[in-house]
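A.B. asks: What shape does this take:
(2 chains)
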Protein chains: 2
Amino acid sequence: MKVRLGLDIGGTTVHGIAVAAEEPHHVVTEETHPTRKGGDGVVGGSLDMVAALRSALPPDAEIVSIGLGVPGIVNAGAVTHAVNLGLDGDPLDLAALVSAGADGVPTSVENDVKAATLGGLQWLREQGSDIDDLALLNVGTGIAAGLLLDGRLRHGSRGMAGEIGHLVHDPTGPLCPCGRRGCLELYASGSGVRRQWAGTAAELFEAAEAGDADATRIRDELTSGIAQAITLLAYSVDVSCVLVTGGVVSATPALREAILARLRADENTSLGRLAGIAERVRWLPAGHPAGALGAALLGAGDEEVRSWRS
Amino acid sequence: MKVRLGLDIGGTTVHGIAVAAEEPHHVVTEETHPTRKGGDGVVGGSLDMVAALRSALPPDAEIVSIGLGVPGIVNAGAVTHAVNLGLDGDPLDLAALVSAGADGVPTSVENDVKAATLGGLQWLREQGSDIDDLALLNVGTGIAAGLLLDGRLRHGSRGMAGEIGHLVHDPTGPLCPCGRRGCLELYASGSGVRRQWAGTAAELFEAAEAGDADATRIRDELTSGIAQAITLLAYSVDVSCVLVTGGVVSATPALREAILARLRADENTSLGRLAGIAERVRWLPAGHPAGALGAALLGAGDEEVRSWRS
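C.D. replies: Predicted coordinates for the structure are as follows:
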């Protein structure tokens, strides 16, 4: 049996998966390791994960590809600006280093949210959808999107397609660690909430319901920031589907309802009616391994990805 | 000789062009007519333009395609929301009606800015560029972009890709005719300037230089709004090139310099350095017939468009 390995390398854990190359929804084995940081740590940790997955595979399994999703900017297999992995200096040629350490198996590296978009596509397939035009909007520590346009993963000229988190949302807003003021991420992300609120998102929504003024403001900024991100994706690339993922959204049903209400309010305008943004939104269920699965699918070409139907 | 006809149908004039199908930079003939409005007017005016172009062609010319660029939302050859053409009710099946009136010549209809993006590509070819990944940003009465991603014109799921003019730029801003508050178009467009300033853009810049407070504010909002549109295109689709066009930009060198200065200021951040947005910007010269030329090129397939090299 031919298998593809996928590694979703997060700031805290590495999630590894092996899927059948011919049936990408068939997960053969999975592992989770703590993340090791720095260039040597990321390469060594990736190779350890490859070895752990390999040892759990049936004896007849042949690894045909390895894919890695990393929280950073990726260009031509090299990683830059991956602050959470301790990589922010010279580009790290991760694809070549992992392939060299893994018997030359063809290895792809992509930004983690872009990779997860292929995992999101697989989830849509499992739901019986034939859509192959979507944005995966990840509301995690930051906020960023991956774009699959007409079945092709959009990398962008500098690997930055979908990096909407540092678009300025409010020029009079607070200073962002990136150096700008009022970035979208300061309002519409897990870190944006934590910056202003000590409890969970559910507690934030409860406090706002109970009339707490700060909680109400933070909740409304979170809601409108995520709605703005979805709107921006609709009016810039006009994808058929915006699939939203991330802990704060998965854990807070009231947030999902508030986002949809905000989007529906825009349908009072004639352009808003034509755009029909609310009906494009889907929510990826918590626990779906879109990151690792999508990383595994990096090894499949665009044509192969588009050939998958449920 | 095989020719393609292109019609750029504006709110005031229709610009028609005939180009050689094998050499799309070779303009065979051109015409300009006043625009006729309403459904019958747009169809009749288009057919009159086709007849006028045909009568000016050499006797051996064969019209192999007709393309129309219209200032509205287009889906499957039908036009909606083209307020400047007096079309804002039921979709007008313009492609079918023009083809039927023109001896069945295959006819395509697309939003005018999207069509002009193919004309912008031709201009890049004339400059010796092999880029086939670009946004054409049109700063006219409104502001909107066309996207050519990896050589493919991005239409979008509802024909709205690049319709960034009604993204909210300032939620506390004035009411927009579209029904929202603070749309980008209220600041970063010809109508946005005219709403607040009686003179030309050049006079606006002169008054601002001379210290007029209102002129300074309007100028700075125009500059930062256009810079924001360019930035948004870089961080959403990450195109190799943003080709800016439109009268206010073409006529005002100081505006171009101010936009570039604004974009360069963002390169003080590490993400901004990676993005290098200022160096992606090109300015389409005034008078380039990108709209009509691009409409003519709608008849060529994506593969053919990508095969053109200078």
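
A.B. asks: Show me which residues of the stretch 201-310 of chain A sit near chain B.
C.D. replies: Residues of the stretch 201-310 of chain A lying close to chain B (CB under 8 Å from any CB of the partner chain) are A:224, A:228, A:231-240, A:266, A:268-272, A:274-276, A:280. Yep, even glycine has a C-beta here, placed from its N, CA and C like the rest.

A.B. asks: got the contact list for the residue sitting nearest the centre point of chain A?
C.D. replies: Centroid-nearest residue in chain A, with CA atoms, centre = their mean: A:V113, separated by 2.8 Å. By CB atoms under 8 Å, 6 or more residues apart in numbering or on different chains, the contact set of A:V113 is A:69, A:136, A:138, A:144-146, A:162.

A.B. asks: mind listing what's buried in the host helix or strand of it?
C.D. replies: Secondary structure assignment for A:V113, by DSSP states H and E: helix A:112-126. Using 16 or more other CB atoms under 10 Å in any protein chain shown as the test for burial, helix A:112-126 gives A:112-125.

A.B. asks: number of nearby residues for A:A208?
C.D. replies: A:A208: 21 surrounding residues under other CB atoms under 10 Å in any protein chain shown.

A.B. asks: Need the pLDDT of it.
C.D. replies: Note for A:A208: predicted pLDDT of 97.

A.B. asks: now it: how far from chain B?
C.D. replies: Distance, A:A208 to chain B, by CB to the nearest CB, to the nearest Å: 19 Å.

A.B. asks: Name the SS class of that residue, please.
C.D. replies: helix (DSSP: H, G, I helix; E, B strand; the rest coil).

A.B. asks: close enough to count as contact, it and A:L222?
C.D. replies: No: look at A:A208 against A:L222 with CB atoms under 8 Å: they stay out of range, at 9.9 Å.

A.B. asks: check contacts around the closest residue to chain B within the stretch 201-310 of chain A.
C.D. replies: Across the stretch 201-310 of chain A, the shortest distance to chain B (CB to the nearest CB) belongs to A:D238, at 2.6 Å. Neighbouring residues of A:D238 by CB under 8 Å, 6+ apart: B:154-163.

A.B. asks: Please convert the buried members of those into PyMOL selection syntax.
C.D. replies: Here is the PyMOL command that selects the buried residues among the contacts of A:D238 (16+ other CB under 10 Å):
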select buried, chain B and resi 154+155+156+157+158+159+160+161+162+163
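
A.B. asks: Can you narrow the contacts of A:D238 down to the ones near chain A?
C.D. replies: Applying CB under 8 Å from any CB to the contacts of A:D238, one finds that B:154-163 fall near chain A.

A.B. asks: Need those in TSV (columns: secondary structure).
C.D. replies: Output for these, formatted as TSV (three-state DSSP):
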residue	secondary structure
B:R154	coil
B:H155	coil
B:G156	coil
B:S157	coil
B:R158	coil
B:G159	coil
B:M160	coil
B:A161	coil
B:G162	coil
B:E163	coil
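
A.B. asks: Could you report the pLDDT at the closest residue to chain B within the stretch 51-200 of chain A?
C.D. replies: Residue of the stretch 51-200 of chain A nearest chain B, by CB to the nearest CB: A:G156 (2.6 Å). Note for A:G156: predicted pLDDT of 97.

A.B. asks: buried sites along stretch A:286-304?
C.D. replies: A:288-300.

A.B. asks: From those, which land in helices?
C.D. replies: Taking DSSP state H, the ones among the buried residues of stretch A:286-304 that sit in helices are A:290-297.

A.B. asks: Between helix A:290-297 and the helix or strand harbouring A:A51, find me the angle.
C.D. replies: According to DSSP H and E, A:A51 maps onto helix A:38-56. Angle of helix A:38-56 versus helix A:290-297, following axes from the mean of the first three to the mean of the last three CA atoms, to 10 degrees, is 80 degrees.

A.B. asks: I'd like to know the average pLDDT value across helix A:38-56.
C.D. replies: 97.

A.B. asks: any idea how far A:N75 is from A:D93?
C.D. replies: From A:D93 over to A:N75 the distance is 11 Å, taken as CB to CB, to the nearest Å.

A.B. asks: Surely A:T141 is in contact with A:G11?
C.D. replies: Yes: using CB under 8 Å, A:T141 is in contact with A:G11, at 7.3 Å.

A.B. asks: packing partners for the worst-scoring helix or strand of chain A on mean pLDDT?
C.D. replies: Least confident helix or strand of chain A, by mean pLDDT, DSSP states H and E, is helix A:302-307 with a mean of 72. For helix A:302-307, the packing partners by 3 or more CB pairs under 8 Å, 6 or more residues apart in numbering or on different chains; DSSP states H and E come out as strand A:152-153.
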